[in-house]
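# Here is a sequence together with a model predicted from it:
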Amino acid sequence: MRIDPVAPADAGGESYTQPEGLLAVPIGRKEKQIQAYYRILFSTWGCQHWWPARTRFEVIVGAYLTQNTAWTNVESALSGLRSARLLNLEGIRQVALPELERLIHCAGYFRQKARRLKTFVAFLDQHYGGSLSKLFSQPTPKLRQELLSLNGVGPETADSILLYAGNYPVFVVDAYTRRILDRHGILPEKTDYEDIRQLFERALNPLAAEALTAKSGEPGAAHRPSVGGAGHPPSRMSTSRRTTVAQVYNEMHGLIVGVGKNYCRKSQAQCDECPLRSFLPHG
């Protein structure tokens with residue numbers, strides 16, 4: 001994994017160059033607890049290699065397809081698109097809507113998702129000449145608002161596209177994040193998305209500052225292959241160049257998915273086996 005703390009990322013030249021300022025931000029109890037979660041989970045499982053994809057457009061397609069479905073279903077849909085040689089901008093642009101629906105049927109809500117993919121490509125063509133490079137050269141607030149204005153794009157989908165396809169420093173909040181925070185007494189599950197996102201960014205920014213010196217996603221330790229959690233084999237996108245703060249956000253989201261998927265389940269939680277079990281409130 002290549003991390004360059006001084007060269008600009010793909011996110012419109014945004015880079016993380018002021019660790020002193022970030023370290024000066026007051027850190028409260030909740031932020032310190034999240035920092036502890038990151039350190040323990042990374043120490044246990046290592047680099048998670050999120051998002052598993054070959055291209056930026058594949059990340060975007062996956063972000064749409066993963067709405068309300070399991071990742072295994074998304075992988076099947078992506079495989080079908082790849083076999084049909086349609087997992088690219090031109091493919092989604094030209095394929096007939098019924099055929100696209102058929103190919104992504106296994107991902108669920110296939111009619112909605114097919115239309116939404118078509119809408120994204122139309123948006124990209126109209127506003128950025130069909131160029132992902134132009135899209136991802138925009139400032140974070142502008143592009144985030146544009147993505148949120150598209151049909152079927154909520155905060156989680158928009159931030160997944162920003163972080164994993166564009167390497168913008170934006171933390172992704174999902175259902176696993178909410179569940180873990182609620183069960184650990186940090187924030188109620190129904191807390192506003194933006195409040196959760198800002199909490200994690202406040203907590204993780206100092207770790208990114210430490211990692212500038214360690215040159216690692218985990219302060220003071222070298223990257224190593226994933227040994228659990230929700231890790232994937234290295235891919236072109238998971239090993240792409242990004243700023244250190246984006247890498248830390250990337251890792252934390254993957255680590256949280258590992259906890260939610262394997263231990264902090266909606267029913268039949270496996271708390272006794274979870275790496276975070278010592279942080280659970282008594283009772």
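Alright, I've got the coordinates.
# what kind of secondary structure is the closest residue in space to Phe120 that isn't next to it in sequence in?
Taking C-beta to C-beta, 6 or more residues apart in numbering, and ignoring the residues beside it in sequence, Phe120 has Leu150 as its nearest neighbour in space, at 6.3 Å. Heads up, the C-betas are built off the backbone N, CA and C, glycines and all. For Leu150, the assignment made with DSSP: H, G, I helix; E, B strand; the rest coil gives coil.
# mind checking how far Leu150 is from Leu124?
10 Å (C-beta to C-beta, to the nearest Å).
# Compare these two (neighbour count), which wins?
More neighbours surround Leu124 than the other of Leu150 and Leu124, with 20 against 16 (other C-beta atoms under 10 Å).
# Would you mind listing the buried residues in the top helix by length along the chain?
In the chain, taking DSSP state H as the definition, the longest helix is helix 193-214. Applying a neighbour-count criterion of 16 or more other C-beta atoms under 10 Å, one finds 196-197, 199-212 buried in helix 193-214.
# Quick one: distance of that helix to the chain centre.
14 Å (C-alpha atoms, centre = their mean, to the nearest Å).
# Can you tell me which helices and strands the helix or strand that comes right after it packs against?
Counting by DSSP states H and E, the next helix or strand C-terminal to helix 193-214 is helix 244-262. For helix 244-262, the packing partners by 3 or more C-beta pairs under 8 Å, 6 or more residues apart in numbering; DSSP states H and E come out as helix 29-45, helix 175-183, helix 193-214.
# Apply 6 Å and report the result again.
If you count contacts as 3 or more C-beta pairs under 6 Å, 6 or more residues apart in numbering; DSSP states H and E, helix 244-262 packs onto helix 175-183, helix 193-214.
# which ones are touching Ala269?
Listed by C-beta atoms under 6 Å, 6 or more residues apart in numbering, the contact set of Ala269 is empty.
# Secondary structure element for it, which one?
Ala269 belongs to no helix or strand, assigned by DSSP H and E.
# For Tyr263, see how far away it is.
In terms of C-beta to C-beta, Ala269 sits 7 Å off from Tyr263.
# Next, show the common contact partners of these two.
Between them, Ala269 and Tyr263 share no contacting residue, judged by C-beta under 6 Å, 6+ apart.
# any weak-confidence spans in the stretch 101-250 of the chain?
Low-confidence segments of the stretch 101-250 of the chain (pLDDT under 70): 212-228.
# what sits up against stretch 73-85?
Taking C-beta under 6 Å, 6+ apart as the rule, stretch 73-85 contacts 62, 65-66, 87, 103-104, 106-107.
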